[in-house]
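Student: Please find the sequence and the predicted model below.
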Amino acid sequence: MTAAARLQGMTLADGWRATKHLQRNPNGTGGTFSHSYEASRGGERAFVKAFDFSEAFEDEADTIAIMGALTASYGHEKAVLEHCAGRGLSKVVIAIGHGHVDVPEMGLQEGRVYYLLFEMADGDVRCQIDVSTSFDFVCSMRALKDVALGLWQIHKEMIAHQDAKPSNVLGYGEHGFKIADFGRSSRKGHPVWHDDRNVAGDKTYAPPELLYGHLHPDFAPRRMGCDLYMLGNLAAFLFSGRNVTALLLERLDRAQHPSAWTGTYEQVLPFLSAAFSEVLADLQPQIDEAVRDDVVALIRQLCAPDLAQRGHPRGRGRSDQYSLERYVSVLQQAAQRAALKARLARQSQRAAAA
Amino acid sequence: MIGQAWVKERRLVPRWRSLRLTSKAGEMSSIRRIKPALTTWSFSADHTERLTRWRNAPNLISAAELIESAIVEGKEGTAAEAARHIVLHEPTAAALVRRQARTLLQRIGHAAGLPEEPTRDDFHPIKFWRARTRLHPHDALAWVELSLCHMIYGKTEHAERDMKVALALAPDNRHVLRSASRLFLHLKQFGRAHDLFVRSPATRGDPWLMAAEISISSVAGRAPRFFKAGRALVEDGGLIPRLTTELAGALATQDLLDGGHKRSRKLFAVSMMDPTGNALAQAEWATPLVGSSLVPNDRFASVCEASEARAFHASAVEKYDEVVPACESWAAEEPYSIRPYEFGSAVASLIGENDTALDLSERGLKMRPGAPRLTNTRAFSLASVGRPEDAAQVLATTDWGRADAMLRHVAEANRGLIAFRMGRPDEGRAHYREAEAGFLKIGDRGAAASAKIYRAREERRAGQDAAPKAFEEAMTAWKKLAAGRSHPALELLTAEMKTDQPAEPETRTWSLRAVISHGASTSPHRLPPEQQGENDEDRS
């Protein structure tokens, strides 16, 4: 068992105590992991992300290179969170602490674990996979609006999240939803080693152009375009329990799958567009009628496989094509409309019952 | 009489069918070399972790996440267990989660024993694809599908409009270009069809597009632009065989028509390494011209969409009862083409299965009203079953002025048949004689002899004094030409003349190849496009 997997019961900085091991998560560094814990302090609860450096000390491992990557990864996430802290980013999960702890009975090198502490959430949005636990459309619209706002807030800081998947959208009760985990983010002007990877975040939720290795040289189309796609992806997930990337790829012929395709992205694009039409048609009936048109339009614009077509129609071809500002406003209105429709429906039901 | 069902010059022009079938035939893959380039695609740590989570805690969320991950990684087999778990044990999984699990199992062939899913029976293809293009107007391939549906329903103008949108959206996509070329061939815009490939930068280096360019160039009466490049690509031998099957077939056809039989045989051998159904049909068509079988026997069973080749092969080996079922499958494979109906109805009509002939010709004419070959076959069958008035009506639906000369003369012969069956022998005789003269004028002595045979048959049937003389004339004409081959109607007539009794239908065990494939067994010669039949855009 590695040091990072042995924090349960240990006291961390500022009186926090790791009480429960949650799970192991792959890092953006490929083949390396972090471990997550629940921590408590008095009546407060927190979430701990502990970086596992054990990989660096395995036999035949290039210790210096792996340590370099891991420390850079930790340093990058800490730096991004510190940059965001105090900037009023209301829909972003900001670290409430960080530090390191030495696991007893282990050497100083392999026993030292670096960690980040976050405010504990009620849960994530993966409950949408199960209809018996999923939110209604009003709550889904709220989640969508909050994540759009969170991503827009970090985009204004020239940070792209690149891993806005359902498990990183956390619910905080009446405070709504926030976007978490900046481990695979990119910050303009502050290169990090995972910037060189085709897909910085989780491949399962990545936009198709990155899976096919079609990498735009500019920050906004490549990285913010990726966040736009992931927001659309999340919209699909919130209303159907599925994400667009997997739905797209399952509709392709095997020969057109990214693992088999040897042509250019332009050549595969018509097939992706055809698959995308199918996906939209399949998603349509899954979305509550009250918000269907808004959500389908949103997915169509944000998940367009053609990067040139992605984003709000009014912004296409302009410098703000990949800005989320319009979507924040659109979603705020749509969420309000959805809440109003739900309230009116409840009232009419009550009236009918009376 | 009926027209020749076997086209004289089959070209390897692209097949136009749904994207799903086209992809299934392996025509939509990227250009891959036998020795693959090093790929950068790797199995991600995220997927490994999801597998671990599913194994440690099998539940709906871990299963659903693993399925998505497996699809994206292209490792669907790793999620089979998770997918089965969702389908069988997670009734509260969201609808799309369940459907995705089921689809995964179907794709990897693990769907046996799963509960049935309800199917829709209100599917209307035009409505379906129109809705799809409204939902996502940038989907070029949906416009191609809509165009195909409009073509099948005979709405040519709509089909052309849809195809224009597709071409504007994806001007260099293989499926769009090949489908558009087929549409333009149908519209008799041969140059426009050829221009698609000449102008697209995608043609250079794409064997599928080169094959289409080479085949369509000769239909357009132009020299192929990519003949040398195509030959180099095939001779290079570096591409996987499926990619070059149609290119090799197109080059082989060109060589064959230019008289290079030896080179043609070699190229057909390359084409048959991993053929598409279209390439297979081309080799089957070329077999009598080359003089030796080009198609390995196992290919008829192993190649998908081989029905066209099977139909012609069955006819060639005189297994006529297999022709119509093969034509039915062929029609399903190429829903836009009327050739399966033409060939199927012609064979059915010749072997006396007039009900089948009438059914097939009706279905073909529904797609392409007034198509001359089908009209002739239908008129012949109707007159043969004692409905000469209906036959006359059918014959009047076609604009014969626009049909090629051969088919016009066939129609004239059918007018003769109808007149005889209506009890007007003088008029019938005149029509037949005009048809015979017409056939001779275009140099088709076989058809002229056939017309004589049918005239003699009708003279005898009508009890005319001219019957023995007509029989002698027909006999002489056919013997001169046929070199020992039989003619179904002549055999029947000979039996009747000998016994002075009407022959039983069972005696019709003729060698139909003489009639059906007569065109193919003669020396190849080129017809200019304007002399081709209404539907000859299909192949020749």
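Tutor: That came through fine. Numbering: from 1, shown residues only, chains lettered A, B, ... in the order given.

Student: averaged over its residues, what pLDDT does the lengthiest helix in chain A have?
Tutor: Longest helix in chain A, counting residues (DSSP state H): helix A:325-353. What helix A:325-353 shows for mean pLDDT is 93.

Student: And for stretch B:204-218?
Tutor: Mean predicted lDDT for stretch B:204-218 stands at 96.

Student: what do you get for stretch B:129-149?
Tutor: 96.

Student: ok, and what's touching it?
Tutor: Residues from elsewhere that reach stretch B:129-149 (CB atoms under 8 Å, 6 or more residues apart in numbering or on different chains): A:270-271, A:273-274, A:276-278, A:280-281, A:284, A:296, A:300, A:304, A:306, A:309, B:16-19, B:125-126, B:158-160, B:162-163, B:165-166, B:169-170, B:173, B:175-176, B:179-180, B:183, B:335-336. All C-beta spots, glycine's among them, are computed from the backbone N, C-alpha and C.

Student: quick one: contacts for A:Ala335?
Tutor: A:Val138, A:Met141, A:Arg142, A:Leu144, A:Lys145.

Student: cool, and B:Gln464?
Tutor: Contact analysis of B:Gln464 by CB under 8 Å, 6+ apart lists B:Pro425, B:Ala470.

Student: redo that, cut-off 10 Å
Tutor: Shown in contact with B:Gln464 (CB atoms under 10 Å, 6 or more residues apart in numbering or on different chains): B:Phe420, B:Pro425, B:Asp426, B:Gly428, B:Arg429, B:Ala456, B:Glu458, B:Ala470.

Student: In helices, which of those residues appear?
Tutor: Counting by DSSP H, the contacts of B:Gln464 place B:Phe420, B:Pro425, B:Asp426, B:Gly428, B:Arg429, B:Ala456, B:Glu458, B:Ala470 in helices.

Student: hmm, which of the residues you listed are the buried ones?
Tutor: Neighbour counting by 16 or more other CB atoms under 10 Å in any protein chain shown classes B:Phe420, B:Pro425, B:Gly428, B:Arg429, B:Ala456, B:Glu458, B:Ala470 among those as buried.

Student: any idea of the pLDDT on the fourth one?
Tutor: Predicted confidence (pLDDT) for B:Arg429: 95.

Student: Please apply the same query to the first one.
Tutor: The predicted structure scores B:Phe420 at 95 on the pLDDT scale.

Student: Please give me every residue in contact with it.
Tutor: Applying CB under 10 Å, 6+ apart, the residues near B:Phe420 are B:383, B:388, B:426-429, B:431-432, B:454-455, B:457-459, B:461-462, B:464.

Student: Disregarding flanking residues, what is the spatial nearest neighbour of the residue of the stretch 51-200 of chain B found nearest chain A?
Tutor: Of all residues in the stretch 51-200 of chain B, B:Ala94 sits closest to chain A, at 3.3 Å by CB to the nearest CB. Leaving aside its sequence neighbours, B:Ala94 sits nearest to A:Gly241 (CB to CB, 6 or more residues apart in numbering or on different chains; 3.3 Å).
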